[in-house]
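J.: need a structure here:
(one chain, ligands or ions: 3)
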Amino acid sequence: MLESIKKFASEFFVTGDPLIYGAMVSIGFTMIALVATLTYFKKWGWLWREWITTVDHKRIGIMYVIAALLMLFRGGVDALLMRTQLALPNMEFLTPEHYNQIFTTHGVIMILFMAMPLMFGLFNLVVPLQIGARDVAFPFLNSLSFWLFLMGAMLFNLSFVIGGSPDAGWLAYPPLSEKVFSPSVGQDFYNWGIQISGIGSLMTGINFIVTILKMRAPGMKLMKMPMFVWSVLASSVTIIFAFPILTVTLALLMLDRTFGAHFFTLDGGGNPMMYINLIWMWGHPEVYIVILPAFGIFSEIVSTFSKKKLFGYKSMVFALMTISITSFFTWAHHFFTMGTDANVIAFFAVTTMIIAIPTGVKVFNWLFTMFRGRITFQTPMLWTLGFIPCFVVGGLTGVMLSVAPADFQFHNSYFLIAHFHQVLIGGVAFGFFAGLYYWWPKVFGFTLNEKLGKWAFWTWNIGFYVCFMPQYFLGLDGMTRRTSTFGWDKGWYELNLTSTIGGFMMGLGFIFQVWQIAHSVRFMQKDTTGDPWNGRTLEWSIPSPAPEYNFAVIPQADEQDAWWEEKKRRAEGIVTVTEQPIEPIHMPGKSGIPFIKSVCWFVTGFGFIWGWYWMAIPGLIGIAACMLIHSFTYDNEYYIPAETVKHTEATLRGTM
Ligand code: HEA
Ligand code: HEM
Ligand SMILES: [Cu+2]
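T.: Ligands and ions are numbered 1, 2, ... in the order given. Next up is the predicted model:
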């Protein structure tokens, strides 16, 4: 124990890196400022009651979005540090060791702690409202998922200030990630941070599958669901099959590192290729997990802003589900070059190419939806229009990568880097931004400034092409990924400098977005209609922001685009819905257990990372105690009286 405390002290206090000292000091000051503000304004009770113990899907959604945007900032700073290092040949801005840490944390943070929570935030904010439900199927579990995600993300980020960041790449291939080659605790922070948040993700997948299958408003058959709900279902199904693989893989790596097992070492009967297969059996579906909901968002937006029904509804559903299933049969395209049998390579090349077909179907459906539509170009639609060409090029270069013989040239080059940023930024990031812009008024009750939004869109969009298009040519010219610097003799300097300029333009785009939010909060334009975009689905039928109970009376949803059809009928003076009496509403109660249990997981993880069993074991006991206490909690629920509901409705609808 003394040894591990000495190790801790030496790694904590003697890092020698001014950047890390700087970060420590600024984190310290931020924490002090936060505690002081909460104490001064007497907000601790409010924080606990309204946010930490909440099980309301809307609040959980907001917390996910805030966490994701903070992580986007950190991942973005990482990206710009790397691009600065690569701006000119022979730069000494970052050491090679530091560069390794940064691409590792950037990759992990962007995919697992930015894209995933932004996606879960949108699931939470939108799905119950779109299907006419009052919450998700398991609100307690939902809160637990969020806190596990947050504690996992905090644990991962903590490595930056204590013990050093992981540096074995975002997927931590052994043998590099084994104890012998990565002796520092950074890799253990990686294992535990991702493990804890991954369990949260799995539970979110389960929660949304049950919510969608069981909690839809009467009349809403599966084939009448909004397309975003279908995409959430497709993504959640992918999650429940993919995430257990991640859990097992990381657990095995943890056993290797912590207890000297030999699952992935060549000595002692293990095999690193086993890890490569397992991690991609999760890793490949993972990229589709994050893109599928983006497809759903684009479908909603295209149809709303073209004022037309979505073209090819059935083929869209079919395409989403096909992609979800097929994504489990393509994983080996990530290691065509690692000595796989020719027949295996041929199989995986073909399965990969097949995915282009359902994806193409979707692209054409969006185009046909816009065809002859009365399109308006507000910000959500702009991001959607920016996405289409970007994603098509990124997808097509993916098909080039799937041509196995050619991949021997492209693999691990900047061509690959350009491919995946094009689909991840042009597809996932643009998609979630579009969703955030689209549903913002519903969530917060005010609209975002359009002008600043347009500035943000154009700087991001142009910045994207300036940053990533040159990388295809750098890749073809032999520049490999994970290179921390290069010489003048290579002739890569113009393209790299251009790319760095583009990276900073995207940074500017992010600043515009923050400015846009700040500006819109200051000069608040309240959304009094509840339906600012002339929407088509049920979430637009209720006031903005949605009341605690969502729907005073559960709606009837017999058609696709139920709210649109209802508006049409109302305009024609047809009354089909008989006024239902308002009844007391049954709601799930708050609980502090998800938070406390997640803190126990954090403590357990931290204990294992440093080999402190005196800390890990009480953590585990805490987790068990939380489970026990919760299983004896029988009546954590309450009713909102009908009078209160009537009063809230009247206030929100401005009839009082
Ligand atoms: C959201 C994320 C996302 C998405 C959607 C995709 C989509 C695709 N990806 Fe990509 N990919 C990544 C994220 C993503 N990828 C990441 C992160 C890596 C690298 C990880 C790492 O190594 O660190 C990677 C790596 C990667 C490789 C490994 C290369 C290597 O390591 O050497 C391959 C190889 O086949 C590949 C292929 C594809 C294909 C075929 C698609 C297809 O789904 C694309 C389908 C879309 C289209 C084709 C466009 C629209 C279609 C039409 C307009 C119809 C007409 C077209 C045809 C019929 C061809 N990807
Ligand atoms: C803001 C714009 C961004 C810029 C400028 C940027 C830049 C970079 C750079 C320079 C690298 C390292 C390349 C290398 O040396 O191999 C990298 C890697 C990576 N990026 Fe980004 N990035 C951006 C956004 C994103 C986003 C939004 C995501 C995901 C949603 C993402 C996911 C990744 C991944 C997975 C890696 C690979 C990490 C690894 O090799 O282990 N990036 N990025
Ligand atoms: Cu893949």
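J.: For stretch 295-313, buried residues please.
T.: 295-306, 308, 310-313 (16 or more other CB atoms under 10 Å). The C-beta positions use only the backbone N, C-alpha and C, and glycine is treated the same way.
J.: and what of stretch 590-602?
T.: Neighbour-count burial for stretch 590-602 flags 590-591, 593-602 (criterion: 16+ other CB under 10 Å).
J.: okay, those in a markdown table with pLDDT next?
T.: Listed next are these as a markdown table, based on pLDDT from 0 to 100:
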| residue | pLDDT |
| --- | --- |
| 590 | 93 |
| 591 | 94 |
| 593 | 96 |
| 594 | 97 |
| 595 | 97 |
| 596 | 97 |
| 597 | 97 |
| 598 | 97 |
| 599 | 97 |
| 600 | 98 |
| 601 | 98 |
| 602 | 97 |
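J.: Export these as TSV, with columns for distance to ligand 1 and secondary structure.
T.: Listed next are these as TSV, based on distance: CB to the nearest ligand atom, whole Å; DSSP: H, G, I helix; E, B strand; the rest coil:
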residue	distance to ligand 1	secondary structure
590	36	coil
591	35	coil
593	35	helix
594	30	helix
595	31	helix
596	35	helix
597	32	helix
598	28	helix
599	32	helix
600	33	helix
601	27	helix
602	28	helix
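J.: I'd like the distance from residue 536 to residue 370, if you could.
T.: The gap separating residue 536 from residue 370 is 15 Å, by CB to CB, to the nearest Å.
J.: which of these two has more neighbours?
T.: Higher neighbour count among residue 536 and residue 370: residue 536, with 24 against 19, using other CB atoms under 10 Å.
J.: what's the pLDDT at the more buried one?
T.: Residue 536 is assigned 95 on the pLDDT scale.
J.: Contacts only, for it.
T.: Contact analysis of residue 536 by CB atoms under 8 Å, 6 or more residues apart in numbering lists 226, 300, 303-304, 561, 563-564.
J.: Got phi/psi on the residue lying farthest from the centre of the chain?
T.: The centre of the chain is farthest from one residue, residue 573, which by CA atoms, centre = their mean lies 43.1 Å away. Note on residue 573: its backbone torsions stand at phi 80, psi 10 [degrees, to the nearest 10].
J.: Please identify the residues of the stretch 451-600 of the chain in proximity to ligand 2?
T.: The interface of the stretch 451-600 of the chain toward ligand 2, taken as CB under 6 Å from any ligand atom, is made up of 467, 481-482, 503, 506.
J.: Widest-spaced pair of those?
T.: Distance extremes for these: the farthest pair is 482 and 506 at 20.7 Å, using CB to CB.
J.: Can you measure across stretch 151-165, start residue to end residue?
T.: Start-to-end span of stretch 151-165 (CA to CA, to the nearest Å) is 17 Å.
J.: any residue of it up close to ligand 2?
T.: No: Stretch 151-165 is not in contact with ligand 2 by CB under 6 Å from any ligand atom; minimum separation 11.9 Å.
J.: give me every residue that touches residue 448.
T.: Residue 448 is in contact with 379, 437, 440-441, 516-517, 520, counting by CB under 8 Å, 6+ apart.
J.: Domain-wise, how is the protein divided?
T.: Here the domain parsing of the chain from the TED database is 1-41, 42-546+557-577.
J.: coming back round to it: same drill for residue 482 and residue 506, tell me which one is more crowded.
T.: residue 506 (24 against 13).
J.: So residue 579, which state does it fall into?
T.: Put simply, residue 579 is coil when judged by DSSP: H, G, I helix; E, B strand; the rest coil.
J.: Just give the number of residues close to it.
T.: 7.
J.: likewise residue 93?
T.: Residue 93 has 15 nearby residues by other CB under 10 Å.
J.: Surely it and residue 82 touch.
T.: No: contact criterion CB atoms under 8 Å: residue 93 and residue 82 do not qualify, at 9.5 Å.
J.: Could you identify the longest helix within the protein?
T.: For the chain, the helix that runs over the most residues, judged by DSSP state H, is helix 272-306.
J.: ok so, going back, among the buried residues of stretch 590-602, which one lies nearest to residue 550?
T.: residue 590 (17.0 Å).
J.: Which stretches in the stretch 51-200 of the chain count as helices?
T.: Taking DSSP state H, counting those that start in this stretch as the test, the helices found in the stretch 51-200 of the chain are 57-85, 96-108, 116-130, 139-158, 186-214.
J.: Give me whichever of those helices is most buried.
T.: Most buried of the helices of the stretch 51-200 of the chain, by mean neighbour count (mean count of other CB atoms under 10 Å): helix 116-130, with a mean of 27.
J.: where's that one relative to the chain centroid, distance-wise?
T.: Offset of helix 116-130 from its chain centre (CA atoms, centre = their mean, to the nearest Å): 10 Å.
J.: what angle do it and helix 186-214 make?
T.: Here helix 116-130 runs at an angle of 10 degrees relative to helix 186-214 (axes from the mean of the first three to the mean of the last three CA atoms, to 10 degrees).
J.: Is there any residue in helix 116-130 that contacts ligand 2?
T.: No: judged by CB under 6 Å from any ligand atom, helix 116-130 and ligand 2 are separated, with a smallest distance of 9.3 Å.
J.: by contact count, what packs against that helix?
T.: Packed against helix 116-130, as judged by 3 or more CB pairs under 8 Å, 6 or more residues apart in numbering; DSSP states H and E, are the following elements: helix 57-85, helix 139-158, helix 186-214, helix 227-259, helix 272-306, helix 430-444.
J.: could you check whether the first one is close to ligand 1?
T.: So the one you mean is helix 57-85. No: Helix 57-85 stays clear of ligand 1 (CB under 6 Å from any ligand atom), getting no nearer than 13.7 Å.
J.: can you give me the angle that helix makes with helix 430-444?
T.: Interaxial angle, helix 57-85 versus helix 430-444 (the same axes, to 10 degrees): 140 degrees.
J.: Around the closest residue to ligand 1 within the stretch 151-300 of the chain, how many other residues sit close by?
T.: Residue nearest to ligand 1 within the stretch 151-300 of the chain (CB to the nearest ligand atom): residue 287, separated by 3.5 Å. Neighbours of residue 287 under the rule other CB under 10 Å: 18.
J.: what's it in contact with, if anything?
T.: So residue 287 contacts 111, 420, 423-424 (CB under 8 Å, 6+ apart).
J.: any idea how far the residue in the stretch 1-150 of the chain positioned nearest to ligand 2 is from residue 440?
T.: Proximity of the stretch 1-150 of the chain to ligand 2 (CB to the nearest ligand atom) peaks at residue 107, 2.8 Å away. Taking CB to CB as the measure, residue 107 and residue 440 are separated by 28 Å.
J.: Quick one: end-to-end length of stretch 568-580, please.
T.: Start and end residues of stretch 568-580 are separated by 20 Å (CA to CA).
J.: sorry, back to before: so which of the contacts of residue 287 is the closest to ligand 2?
T.: For those, the residue nearest ligand 2 by CB to the nearest ligand atom is residue 424; the value is 4.0 Å.
J.: Would you check that residue 282 makes contact with residue 240?
T.: No: contact criterion CB under 8 Å: residue 282 and residue 240 do not qualify, at 11.9 Å.
J.: More neighbours: which of those two?
T.: Between residue 282 and residue 240, residue 282 has the larger neighbour count (other CB under 10 Å), namely 23 against 16.
J.: Look at that one and report its pLDDT.
T.: Looking at residue 282, its pLDDT is 98.
J.: Residue 44 too?
T.: As predicted, residue 44 sits at a pLDDT of 90.
J.: Before we move on, what's the pLDDT of residue 10?
T.: Here, the pLDDT recorded for residue 10 equals 64.
J.: how about residue 467, what does it touch?
T.: 83, 421, 499-503, 505-506.
J.: should've said residue 512
T.: When contacts are taken as CB under 8 Å, 6+ apart, residue 512 is in contact with 452, 455-456, 459.
J.: Most neighbours among those, which one?
T.: Greatest neighbour count in those, by other CB under 10 Å, goes to residue 456: 27 neighbours.
J.: Quick check: residues of the chain near ligand 2?
T.: Counting by CB under 6 Å from any ligand atom, the chain comes close to ligand 2 at 76, 79, 82-83, 103-104, 106-107, 110-111, 115, 169-170, 417, 421, 424-425, 428-429, 467, 481-482, 503, 506.
J.: Good, wrapping up.
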